[in-house]
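[1] no sequence on this one, just coordinates:
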């Protein structure tokens, strides 16, 4: 704590320090134009070298500046090459032409605790610009990254607004689900990122069986809806505030984040004010939200026919024909409003924004709203002291937490049941088994009467001060916070069955993070040939995470919401936890280049973590890189084809901290109070045994890459090959039983990823038509080298389908082999471990066969063979057409939705797919759907018994529903009309820019996957458990129109 | 530029201070919502709770199917002809069997909890030393009991005097994390395992109390009587009859603590009202499941519903006419729920509460009396004391019992057999009969089972992880 205090003190001292000085100056007034078309360059920055003084050009390209005659100014603008001009050369001129930049090599990339020119950087970083993010309707910026950066696989897990996204950078790095998520850093603050342990909020409090498809005995369709909602913590941030996103991929880039870098790092830089006149920007858009697709289900009559035929008597009666799916789905209206003010003068610049986003779910009564504000300030207090702050505050209200449950129930609700009873009240129906103890439900009643809302209030803020000790040495100190408060409230209305008087659960989560970074940055050029830049720094981070959850039952009536209103005996505390962790780090990065030709870099970070025992607490992560700008060599300098060509290579280490609550204090034995008593003795249960041996998971990797710019910048490409090896993989593994435990987290595994990434941009002008494209493709191959056990199931997936095996990729589907349907009998055919095809399901041989595993086969995993994106921007006069595609090839998808919707044997009477009408009917009928009664379903002898003794046809353990999940998706298509300058000029300069657009999101998808959406995951952000669709809500399809105005 | 250099100096100084200030303390974070070992074992109240956990886990580990196993593999209990029971009865167990692994793991979990107390109380304990010593002694009793349970199930020849047979891996220190490279612990011999058990028990006697302030504690926690009674049982199983007779007598002599219950129904009371809070004074050690807070003994359910295990009719028929142990302690169990399946079956009234709220006897005075009688019959031949004990046991359960005399027994074998028969009727359903049969060379339920197959297989996982340092029992090496 002392160290933290000192840092804060230091910071306040800097703020207080003000010194003034004045020198004699000259005033220059100039206009900046582009040398290609002589049009004014708006927003160019004019800075006096060696100082922080400067200004920016206005709408007409004009600027004025006070400068000393000895000074030199640097003029830079996006899309143009930076020019250095002595003041003396400017005094008598009126216009300065700027040469358009064709390489982007002068672009600055943020590298963590500093930045570097792209041309000089020797690691692998992908950048995504604000333009790419702004052209999507993504609620959170991570969804906007899909297909935009090579090596970055983004999977939005479902169509529930604000639900988690899985981001995998260069393959699976760990076998702990959460540890595959990258570290997210916003303006220098590592924020609370994606991960199930941190972001789950209770949404389905009761333990009622209504969401389980597992019915009778041995019916293997055993998926139950995850009882918790996993939110996306990044949906709290307004994507419109983002200037750029940098994705650090190789070890040279990530090792500056040491123990948290192995799964990649995403650096977010928010927009800053620039010098110049105040600018006001307004954004407005509105649109319609629908699901990308809906299920074709049986209607009431078909439903009755099939069930009655299967049971052999009138199992279901009535005449209703309710389409529950249609009843709960709506065309929702979304709205987005944004206001931005930015500008500044010599000393201070500001960027202030406010936004309101309303992006509801396509399920009735399920909404999502976000209010966000940001203030970014920068102030040049004296020649050598700059301070400022980047702060955002957001409030998010997500009342769509029930959406998935409503959808899940509505799709499966029996069409034979009416919505309302004779009195016009909701009719709560019991499932068809009519077994006592099963709950009664009505999806519409849940949608309209139950409340389940999550309110997030979040502040992410950095305050910084920087002192320039010399013009080549600067000290910077940053204090950052991420305060993330959540309040979840679920209120279930009274329903016949287990909740006759309703239930409420209230959860409050308070996460507080405090970060201090101190860095010393050195930039020195000797003789202009030897260039060195060094960052030395130190960082401290601490986090406190508290959860308090209470619940109550027996409400007097449905209108009473407050838990306080219930009888105290009906209330209880569900959770009351506070946990902490801390990290102390020291780091250094040194880059050197000789004549901009030979480049070299070294990075080292040492992290100390509270999660490890003192003997394993500190660990260092070194990385090295080298680069060679071939294009600077004499033999290539005159080759006009090649504008720039750089070879680079890196080698280094980064780590993964243990994730999850259980490893919070991983090494310490822990005990908790138990309610159970032994005689008169109280009991302390062992929560976890000591684990002093637990160590950091370490990743070692190398990367070689080529960056090239050809044909005067018409084409550029980047090619990377990498190899990443994770050792000491942490996962729960067996220990000898005589030690008293069956398993413990151990550093056992060893896994590698190797891959290749290619991205390219082209830029062609065909007369008035400008065509810009960017394309990327990535291939990653994952292999588990060592597990130290023969292979075992992952605990996380209740479907039991994910398998780990030495020598194979992680997260395999390991299933019984479904062959098809015998056209002669209508019985399903199975292949067993001996290669024998028969109608005897291997899964059913558990009584007679000791080793059922041998009948299973490995069917690949949910990791794609290759994936990427393809963007096209066509500009014709004032029109612009932007189309971006994402694609994924070779990933397997388990269609659990279909398994659920093809199940009729449980007696519950859930609705089914219309496809089931194709069931085998007569001898020789060639169909993929077996006869209703067949050898893999055993109905009990008692004709009135309603659940099957077993049913292997819809088992989650069989390959029947495993499908190819490859797809190509038109993620966004947008047509924009920019009002031409001559019309804008009629407003006398009041309106600076105006554009109107139409945009479609998820308009078109090409896939062989027979479910609704190949881009869903029933297990949220957990990439290892991905590739499972369990009536997971498909993505939304959004059609919208919008207008952007600049004043 | 005065300002600049001044500020710069402070800046640099402060940064230096920040970096140099101790960061290790910043990283030493203790969990807020759980207790760590240094807390638990330093305070009496918490250490006592950790002890409570060890007792509780011992109770869970040795009741349920562990307990019933010792009866359904004998002629006393008949079981459903499904794989689960058949494999135990007919020796069809594989080293991969999950139930067997469960027996092993559950008991070793208890041993680990006991090891924690034994090692960590001396290390961290800051409370009254006498109480510390007592807690350690209780843990040693628990450890000895768990090792003995393991030994009679997994020890090769442990019940037939094969002292050089394979015993158990003797883990005597608490779990401190595992690494695959750790050297594996080989199995000690049967002799060494017995020695360890006896050592723990003898050491515990020094610091254990004769009784606690409450009767409940006296019967459910370790006492001098409990430790001596367990020693008597251990010596009897080792066929060391001198020591068995001696320790049994020491326990029988503690008449201020243990009394022979005159009415057998007071020993096995009906707890259907779930209000029983005490244990019969005939208990030397038992698990107080009659208290609701402890949960389910997982035995009563089986015997009440008779769905998978029930009293063997031939066994019931073998009781003598008028034996109250048959007339009152054998009853029809559930007559309501599963009549179509279980109407013909009868069960024991020793565990009548369907939700498992019956106390579970582990060692009671009858066993000590019969142990004394049996051991004496071996060491002293036909003797009056043994005959008196038989009479004492029988007088309680026969209304007009005519006392037996020494003249009724031609030789010590006849006497021993009579004692064993009485022991069977007296202790039936109490989780002991299998071991009595094994140690006396009499057949189990399947009479063709070889000695080797009466021993359970060591879980394959431990053999694999030890790299075969841990050896399998001879019957399972194929």
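    That came through, no problem. Just so we're clear, the structure is a prediction, and the values are computed from it rather than from any experiment.

[2] Return the distance of whichever residue of chain A sits closest to chain B relative to residue B:137.
    At 2.7 Å from chain B, residue A:740 is the closest residue in chain A, using CB to the nearest CB. C-beta coordinates here come from the backbone N, C-alpha and C atoms, glycine included. Remark: distance between residue A:740 and residue B:137 (CB to CB, to the nearest Å) = 20 Å.

[3] can you check residue B:326 too?
    Residue B:326 is 40 Å from residue B:137, by CB to CB.

[4] out of the two, which sits in the busier spot?
    residue B:137 (25 against 21; other CB atoms under 10 Å in any protein chain shown).

[5] for the residue in chain B that chain A sits nearest to, helix, strand, or coil?
    Nearest residue of chain B to chain A: residue B:112, at 2.7 Å (CB to the nearest CB). At residue B:112 the chain is in helix, as set by DSSP: H, G, I helix; E, B strand; the rest coil.

[6] Name the nearest residue to it, ignoring sequence neighbours.
    Leaving aside its chain neighbours, residue B:112 sits nearest to residue A:740 (2.7 Å; criterion: CB to CB, 6 or more residues apart in numbering or on different chains).

[7] quick one, what contacts the closest residue to residue B:154 other than its chain neighbours?
    Excluding its sequence neighbours, the residue lying closest to residue B:154 (CB to CB, 6+ apart) is residue B:456, at 5.3 Å. Residues in contact with residue B:456, defined by CB atoms under 8 Å, 6 or more residues apart in numbering or on different chains, are B:93, B:100, B:103, B:153, B:154, B:473.

[8] what's the answer for residue A:319, then?
    residue A:300.

[9] next one: the one 4 residues further on
    When contacts are counted by CB under 8 Å, 6+ apart, residue A:323 touches A:297, A:299, A:415.

[10] Give me the number of neighbouring residues for the residue nearest to residue B:112.
    Residue A:740, neighbours per other CB under 10 Å, totals 25.

[11] try residue A:278
    Residues near residue A:278, counting by other CB under 10 Å: 11.

[12] any idea how far residue B:436 is from it?
    For residue A:278 relative to residue B:436 (CB to CB), the value is 96 Å.

[13] what do you get for residue A:302?
    For residue A:302, the distance to residue B:436 - CB to CB - is 66 Å.

[14] ok, residue B:204 - contacts?
    Residue B:204 touches B:137, B:138, B:140, B:141, B:144, B:222, B:227, counting by CB under 8 Å, 6+ apart.

[15] helix, strand or coil for it?
    Under three-state DSSP, residue B:204 comes out as helix.

[16] for residue 259, helix, strand, or coil?
    All of this refers to chain A. Residue A:259 - assigned by three-state DSSP - is helix.

[17] Tell me who's in contact with it.
    Per CB under 8 Å, 6+ apart, neighbours of residue A:259: A:583, A:605, A:607, A:609, A:619, A:621, A:654, A:655, A:656, A:657, A:696.

[18] if we can go back for a sec, what's the PyMOL syntax to select whichever of the contacts of residue A:323 are buried?
    Remark: buried members of those, expressed as a PyMOL selection using 16 or more other CB atoms under 10 Å in any protein chain shown:
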select buried, chain A and resi 297+415
